[in-house]
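Novice: My questions are about this predicted structure, shown below with the sequence.
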Amino acid sequence: MIKVTELTKNYGGLSAVQNLSFSLHPGEITVFLGLNGAGKTSTLKMIVGLLSPSSGSVRIGELILDSEPEKTRAVLGFVPDRPLLYDKLTCTEFLTFLGRLYRIEKKLLAQRIDELLCAQRLADRRNSLVEELSQGMKQRVSFCAAFLHNPKALLFDEPFMALDPQGMEILKKELRSLASSGKTILLSTHNLSLAQELAHRILIIHHGKLLFDGANNCAENSRSLHDVFLSLTASGEQCSIL
């Protein structure tokens, strides 16, 4: 579904991302791991078209991001690490605004908004201004926004960070359901226990370079994901299997 080829991002003399290549497949939850500043957020933003790469390419299905940005973004959903919302709109107004941008038919849009707000435990806040919401609630509005147009692929940057335990369980269930329905999912997190619990595949990035790309089979090994991650990011050596 998503093919990243030799993706590179330079900021002046700093290489934040260096020649990353990997593919993401329908029905899989891929977890993106790395230390702070490893290049995860830059990579996610390049995949969804919010940041231009210095070199390399991103293909979404049969579409090339640079040449067909509107079509590629229409099949992607993205939840950033900090919710990007309009504080002076209500939850319903904000989602309606997005739905119109996606050209979702009016009746279907109203139905989708109701379903998503209920699923995210926000039905009673549908008419609340975004600025009145807690950080966790804002995060859940971001999920509604990402799911609204039923995208084929979803990318999440630290989605669990502001959630309470119940919100975390709801999101985990939702992610598994989306993957089971054939969606392609990529999420970054610093929570290695969540990564091991959710992931079908693991990507580990360090100083902008991909150190590991493979199946999450730690449960079958004597080494935990925690041990493998710390070992790889300490040495910086590329590894092909856990």
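Specialist: Cool, got the structure.
Novice: Enumerate every residue touching I2.
Specialist: Contacts were defined as C-beta atoms under 8 Å, 6 or more residues apart in numbering; by that measure I2 touches 23-24, 47, 58-60, 153, 184, 186. From N, CA and C alone the C-beta is placed, and that goes for glycine too.
Novice: Can I get the residues you listed in CSV including neighbour count?
Specialist: As requested, the contacts of I2 are arranged in CSV below (neighbours: other C-beta atoms under 10 Å):
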residue, neighbour count
S23, 15
L24, 21
I47, 24
V58, 20
R59, 16
I60, 25
A153, 22
T184, 25
L186, 27
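Novice: ok, which pair from the residues you listed is furthest apart?
Specialist: Of all pairs drawn from the contacts of I2, the one with the longest distance (C-beta to C-beta) is R59 and L186, at 14.3 Å.
Novice: With distance to S128 and secondary structure as extra columns, can I get the contacts of I2 in TSV?
Specialist: Compiled in TSV, these are given as follows (distance: C-beta to C-beta, whole Å; DSSP: H, G, I helix; E, B strand; the rest coil):
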residue	distance to S128	secondary structure
S23	41	strand
L24	35	strand
I47	32	helix
V58	36	strand
R59	40	strand
I60	34	strand
A153	30	strand
T184	32	strand
L186	31	strand
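Novice: Distance to I104 and pLDDT for these - can I get that in a markdown table?
Specialist: Listed next are these as a markdown table, based on distance: C-beta to C-beta, whole Å; pLDDT from 0 to 100:
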| residue | distance to I104 | pLDDT |
| --- | --- | --- |
| S23 | 29 | 95 |
| L24 | 25 | 95 |
| I47 | 23 | 94 |
| V58 | 25 | 92 |
| R59 | 25 | 90 |
| I60 | 20 | 90 |
| A153 | 18 | 96 |
| T184 | 21 | 97 |
| L186 | 24 | 97 |
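Novice: which one of those residues is nearest D164?
Specialist: For the contacts of I2, the residue nearest D164 by C-beta to C-beta is L186; the value is 23.8 Å.
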